[in-house]
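S.K.: Next come a sequence and a model predicted from it.
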Amino acid sequence: MTDTIPKLKFNIDRGGTFTDIYAESPVAPYYFIEKLLSVDPENYSDAPREGIRRILERATNKSIDKNNVDTTHIKSIRMGTTIGTNALLERKGERVLLVITKGFKDLLQIGNQARPNIFDLEIHRPDLIYEDVLEVDERVSVSSLAATSDTPTKDNIVILKSPDLQKIKDDLIVREPIRIDSVSIVFIHSYTFSLHEELVGKLAKEVGFSQVSLSSQLMPMIKVIPRGVTSCVDAYLTPKIQNYISNFISGFDENIKDVDISFMMSDGGLCPVDSFRGFRSILSGPAGGVVGYARATWSEENRQPVIGFDMGGTSTDVSRFSGSLEHIFETEISGLTIQAPQLDITTVAAGGGSKLKFQSGLFSVGPESVGAHPGPVCYRKQGELAITDANLVLGRLMPSYFPSIFGPTQDQPLDAEASIRAMTKLTEDVNAFQQSQGLPNMTVDEVAFGFIRVANEAMCRPIRNITEAKGFDASHHILSCFGGAGGQHACAIAMNLGMPKVFIHRFSGILSAYGLGLADLVVEKQEPSSLIYNKENLSTFEKRLDLLVDEAKKELLEKGFSDDHIVIERYLNLRFSGTDTAMMIQAPTDNDYEKEFKSNYKREYGFLIIGRDLLVDDIRVRAAAKGSTLKPIAINDAESPEAPKANRFNQVYFNNLGRVNTPVYLLTELSGGHVIAGPSIIIDNTSTIVVEPGCKATILPNTGNIEITIGSGAPKQVSTTLDPITLSVFSHRFMSIAEQMGRTLQRTSVSTNIKERLDFSCALFGPDGGLVANAPHLPVHLGSMQEAVKWQIDHLAKEWHEGEVILSNHPQSGGSHLPDMTVITPVYHDGAPVFYMASRGHHADIGGITPGSMPPFSKNLEEEGVAIRSFKLVRDGSFQEDEIKRIFAKSRNLSDNLSDLKAQVAANKKGISLMEELIGYYGLDVVHAYMHHVQRNAELAVKEMLCEISLKHQLKEKDTLYATDFMDDGTPIKLALTIDRSNGTACFDFNGTGCEVFGNTNSPPSVTKSAIIYSLRCLVRRDIPLNQGCLNPITINIPQGTILYPSEDAAVVGGNVLTSQRVTDVILLSFGACAASQGCMNNLTFGDESIGYYETIGGGSGAGPHWNGTSGVQCHMTNTRATDVEIMEKRYPVIVRQFGIRTGSGGKGQFNGGDGIIREIEFLKNISVSILSERRSFEPRGLNGGSNAQRGINYVYKKDGRIISLGGKNSINLTNGDRLRILTPGGGGYGTPSNK
């Protein structure tokens, strides 16, 4: 009998929670499906192999050995796996040795200097994935001085130091006893000059390292940090993946070697099992689903774009398809920036396993997940409440239709009673809060549905980000839903976004597995380039593309594919010179890459940069072998569209309807053409689909796929009375508006400061100018922006008309320092301003006595650049360009000023559009009511925090805490902090602070308010909306005439970047929250008449009561990014000699402070350099017995051997060969060392 059984093709998606398998058979029943837990060690060692075994048992009707699976009936195995992803997330990869250019041993630890969460005093940086570092004394530079240009990029490479191979070999041998078998080799500029990496890689193999990953071979693209991280990820994961594959294969019989096995890569293409590498595995799991929905949903006839919505157990992935797979080449995974071709998938931590919490009156979903083990409460493993439980409580999931794979013996159904008990207990907590606020109690159903609403809103945010934030209208897309949990949420999400249709594949619950059967085997080849795109270089590009095509085709031909089954795609990675925004452009039909690039650029960014060359960064080829794909399984068509008799009815909860006796249909009993009206539920053996009231599901003829037409729905009937669920929804919506404003500003800006360093902030404000919501941008902008909005409201009054946009930067009108330009636009409704949108961005130059408008020695405001109290930037519908040119006449980069101001106007316009949409949906009264509710919620959280701190410090009911610190010139910053526990209020009194200084460290009052609101938000220590409500319980006294409240003509450029840090340290010291940070932004500028550069340099953060400080990081009031070493050296006449941790500079204590940074730069031409820094006289203070950190030092090393100390604030003209060496301060220690 078994001899007549054909061979099966297995397609396996091994996810974080479940493993799904779709096996195709050429004979009836034509396919088999299996779903099992990915991790269940008590029952099997490997889920994919166990799933194959179970299907084979069903197909052959005989028992098959678990440990020696018979491969007689296996034709092929295709797998997408999260093995690599999970190993990275859990930091369970191979031990790695990092071999890197001398001077950069800490480069990958420092990264871009930014901290992941700006409000987390205990900074959580991603754990390092390398265990040891070997610095190699080798160096090349990219120079305009001719040396050798025999490189892929045609750059002029100067070999400054060749590697000493014998010494390196000896160093590698010395490390052999510590038994690290995996090595990552990363040298500066190896993307264009790989010889040194190749030589050292050869040595590593000779010495005995089993895994050698060269950054230049994996991804030869400029930017050493993401390329280096990618190399480490590959060295870290590849052995793990190879070990998994070996173990997977070992459970089959010896004939497994004859089975065609391939794995899905992050780019949506398959590769043979022996070519599967760690750095290409990160999105292996979700990639199959993207291929599946793209092939199944897309129609060449109507070409309606599709949003993929893949909701799994731990997270939700969203993506967009409009005719071709969209790739990105740099993305962040688990805190690590990786360079590799990857599908453009955005992940949000909201899945079936997302934890449900109620805190301070807010419903929150995730980001933590209960995982597969123990899982949600209903999994019978003592888990915690999750979205799956909420759906089960509401009747949207039915245990009788769900696989019985739970409990200790893996044979029990979902435990609905346990979910109800847990939700009932949580409802008691909710109602305790409701009663404290004089609000009505909620039912268990209302609480469970509340969490569903909040989860839906959380999942809408990334969809808005990949559509509206990129210039696409979300409502013009089809929502293609898949993943085990997606069908329960798809209609609601489509309604929220105004989408007309939902498409659900017949196998939506396992589409990531099914999609593997539709994927192509892919080979990619890529080379770097630095050539200008022009007629002279076109033939060069074509020749190099032809060579890459030959290489890629050769690999596929050797694998047995015929030439006529290979499809070639050619790409050039193009960008405007002077920007980092590159676009990978596929060869258009007319081969005019420039026209295609400009068309795409204008669509996404809204403008073109005139007068700049186009540069080709990379040349890429993608070769896809079109093999056999899954055959569609046809279904019978119905005789009429009338729905058949329901399989059963179930009591299901729907919003505004309550419990409804809802028909339940089995998908297998439905035929093509059947129409199912909502409310209803459609059940398949891998998914549950909820058809919401007002929606209509049609079973598509022949395919059996489902198309749901979304009802228009009436406007939301929401009361102005506080409802904690709606409060959570509005928190998301307000935040989403600010986030999309920020994305619009970043997209449409031109300058490095805004577009790449992210030195900007966006926020929305109420009719009184009070902050409603901001995106998590720069803390120094947060409190001060609302002062700017309030000042303009008071100043202009009725002279501010609809459509008029205001520009301001003056310290006396709510500004911080002059380079920070604030653009404010009112939102009008029925003839009155009801909200305000504002964006603030740091402009690289606005005049003043030095390039960059950050002079170290400015003595008055006029020396720092143009100062604008209030200027109507847009008036009568027109951008006042001529007037701006007059005002900014002394700017050294007027074109960037104009472009960035237009980008800020565009960001505000985006915010207005989104706010008008929100008002149109809910009504102004409701939106205003929830604006106040959201602010009140933040106020409550701050009051609770103040009371907790008062009790923690054993203060009297009304008591005062004191703190003092000093600026380097001796000016004291004094704070008396009085907390009144009886009403949860506090007074920040800066009486005794030093007077205004004849220098530029004066700080406007708005900056101090930013420091206060930032500190309060940090101390709350949970995710609350940051808004005016945080300051409602706060009284602030800043005496006029002090450094914190200077006269209107006082210089202030250092106040924003230096004094703000000292104020923050004083506030946190008074609370006893943590030791002082480095207390400085270490502002460096250099330039001449032709170039200008500005950066801030990180340092050490202060230690706290239960944490060590973090080394080499931006602290407190800033979070701007560092420019990559290779980018910096390519654009500017410099060589970065060292960028590392200043070991030992942090204060010692029970918990040590973070260490500062060492940054050494050699200049290759005569140039003017300025440094504006603090903590060069007074050390960052320790706390509770912790020692102070080391002060910073600024040196110049002259070419003739002299060493000059620059002090904290200075300007100097340097010559070719001179070096600047900056040692930034550490953070203070906490607690006495003896308590360690």
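M.R.: Sure thing, it's come through. Numbers count the residues shown, from 1 in each chain.

S.K.: quick one, helices of the stretch 651-800 of the chain?
M.R.: Counting by DSSP state H, counting those that start in this stretch, one finds helices in the stretch 651-800 of the chain at the ranges 724-748, 752-755, 779-796.

S.K.: let me fix that: the stretch 101-250 of the chain
M.R.: For the stretch 101-250 of the chain, helices defined by DSSP H, counting those that start in this stretch occupy the ranges 107-110, 165-174, 195-207, 215-218, 224-250.

S.K.: Of all those, which one comes closest to Gly1229?
M.R.: Relative to Gly1229, the nearest member of the helices of the stretch 101-250 of the chain by C-beta to C-beta is helix 107-110, separated by 20.0 Å. Quick note: C-beta positions are derived from backbone N, CA and C, even for glycine.

S.K.: for that closest one, which positions count as buried?
M.R.: Of the residues in helix 107-110, Leu107, Leu108, Gln109, Ile110 count as buried by neighbour count, 16 or more other C-beta atoms under 10 Å.

S.K.: ok, of those residues, which one's closest to Pro403?
M.R.: Using C-beta to C-beta, the buried residues of helix 107-110 come closest to Pro403 at Leu108, 43.1 Å.

S.K.: While we're on the closest one, how confident is the model there?
M.R.: If you check Leu108, the pLDDT there is 96.

S.K.: try the one 10 residues further on
M.R.: Confidence at Ile118, expressed as pLDDT, is 88.

S.K.: residues in contact with it?
M.R.: Pro776, Leu778, Pro779, Asn1119 (C-beta atoms under 8 Å, 6 or more residues apart in numbering).

S.K.: cutoff 7 Å now
M.R.: Contacts for Ile118 (C-beta atoms under 7 Å, 6 or more residues apart in numbering) come out as Pro776, Pro779, Asn1119.

S.K.: Surely Arg1121 forms part of a helix?
M.R.: No - secondary structure of Arg1121 (DSSP: H, G, I helix; E, B strand; the rest coil): coil, not part of a helix.

S.K.: okay, now the nearest residue to Phe1086 once chain neighbours are set aside: neighbour count?
M.R.: Nearest non-adjacent residue to Phe1086, counting by C-beta to C-beta, 6 or more residues apart in numbering: Val1169, 4.4 Å away. Using other C-beta atoms under 10 Å, the number of residues around Val1169 comes to 21.

S.K.: now swap in Arg1176 and tell me
M.R.: Residue neighbour count, defined by other C-beta under 10 Å, stands at 20 for Arg1176.

S.K.: Top of the contacts of Ile118 by number of neighbours, please.
M.R.: Pro779 (27 neighbours).

S.K.: Just to check, that residue is in contact with Met1117?
M.R.: Yes - assessed by C-beta atoms under 7 Å, Pro779 is found in contact with Met1117 at 4.9 Å.

S.K.: May I ask you to confirm that Leu362 is in contact with Asn937?
M.R.: Yes - between Leu362 and Asn937 there is a contact at 6.4 Å, judged by C-beta under 7 Å.

S.K.: Tell me the bridge partners for Ile261.
M.R.: For Ile261, the beta-bridge partners are Ile77 (DSSP bridges).

S.K.: Residues contacting the helix or strand where Phe433 lies, please?
M.R.: Secondary structure from DSSP states H and E places Phe433 in helix 416-436. Helix 416-436 has contacts (C-beta under 7 Å, 6+ apart) with 358, 361, 377-378, 385, 389, 392-393, 399, 440-442, 444, 447-448, 724.

S.K.: List only buried entries from these.
M.R.: Looks like the contacts of helix 416-436 have 358, 361, 377-378, 385, 389, 392-393, 399, 442, 444, 447-448, 724 buried, using 16+ other C-beta under 10 Å.

S.K.: now for those residues, which pair is the farthest apart?
M.R.: Gly361 and Pro399 (32.7 Å).

S.K.: Which residue ranges of the stretch 401-550 of the chain form strands?
M.R.: Along the stretch 401-550 of the chain, counting by DSSP state E, counting those that start in this stretch, strands occupy 478-482, 501-504, 521-532.

S.K.: Name the spans of the stretch 51-200 of the chain whose pLDDT lies under the cut-off.
M.R.: 143-154, 176-177 (pLDDT under 70).

S.K.: re earlier: surely the residue nearest to Phe1086 and Ile1212 touch.
M.R.: Yes - look at Val1169 against Ile1212 with C-beta under 7 Å: they come within range, at 5.5 Å.

S.K.: picking that back up, need the winner for burial among the strands of the stretch 401-550 of the chain.
M.R.: strand 478-482 (a mean of 29; mean count of other C-beta atoms under 10 Å).

S.K.: picking up where we left off before, shared neighbours of Leu362 and Asn937, anything?
M.R.: With C-beta under 7 Å, 6+ apart as the test, Leu362 and Asn937 both reach Leu727.

S.K.: about what we covered before: relative to Arg757, which of the contacts of helix 416-436 is nearest.
M.R.: Out of the contacts of helix 416-436, the member with the shortest distance to Arg757 (by C-beta to C-beta) is Gly361, at 36.6 Å.

S.K.: Would you mind measuring from the closest one to Val934?
M.R.: Gly361 sits 10 Å away from Val934, going by C-beta to C-beta, to the nearest Å.

S.K.: joint contacts of these two?
M.R.: Leu727.

S.K.: Which parts of the stretch 251-400 of the chain are helices?
M.R.: Going by DSSP H, counting those that start in this stretch, the stretch 251-400 of the chain shows helices at 284-297, 387-393.

S.K.: closest to Asn600 out of those?
M.R.: Closest of those to Asn600 is helix 284-297, at 19.3 Å (criterion: C-beta to C-beta).

S.K.: Pull the residues that contact that closest one.
M.R.: Residues contacting helix 284-297 (C-beta under 7 Å, 6+ apart): 13, 15, 80-82, 84-85, 263-266, 268, 306, 308, 310, 317, 319, 321, 325, 343, 345, 478, 480, 482-483, 503, 505, 511-516, 518-519, 705.

S.K.: Need the buried ones from those selected in ChimeraX.
M.R.: Of those, the buried ones go into a single ChimeraX selection, burial set by 16+ other C-beta under 10 Å:
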select :13,15,80,81,82,84,85,263,264,265,266,268,306,308,310,317,319,321,325,343,345,478,480,482,483,503,505,511,512,513,514,515,516,518,519,705
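
S.K.: how does this protein divide up, domain by domain?
M.R.: 2-87+247-285, 93-232, 317-477+484-500, 521-625, 724-939, 1075-1236 (automatic domain parsing).

S.K.: Nearest to Asn1002, out of these?
M.R.: domain 724-939 (8.3 Å).

S.K.: so how far is the first residue of that closest one from its last?
M.R.: Its start and end residues considered, domain 724-939 measures 15 Å (C-alpha to C-alpha, to the nearest Å).

S.K.: Also stretch 433-442?
M.R.: Counting by C-alpha to C-alpha, you get 11 Å between the two ends of stretch 433-442.

S.K.: re the thing from before, worst average pLDDT in the helices of the stretch 651-800 of the chain?
M.R.: The weakest mean pLDDT among the helices of the stretch 651-800 of the chain belongs to helix 752-755, with a mean of 76.
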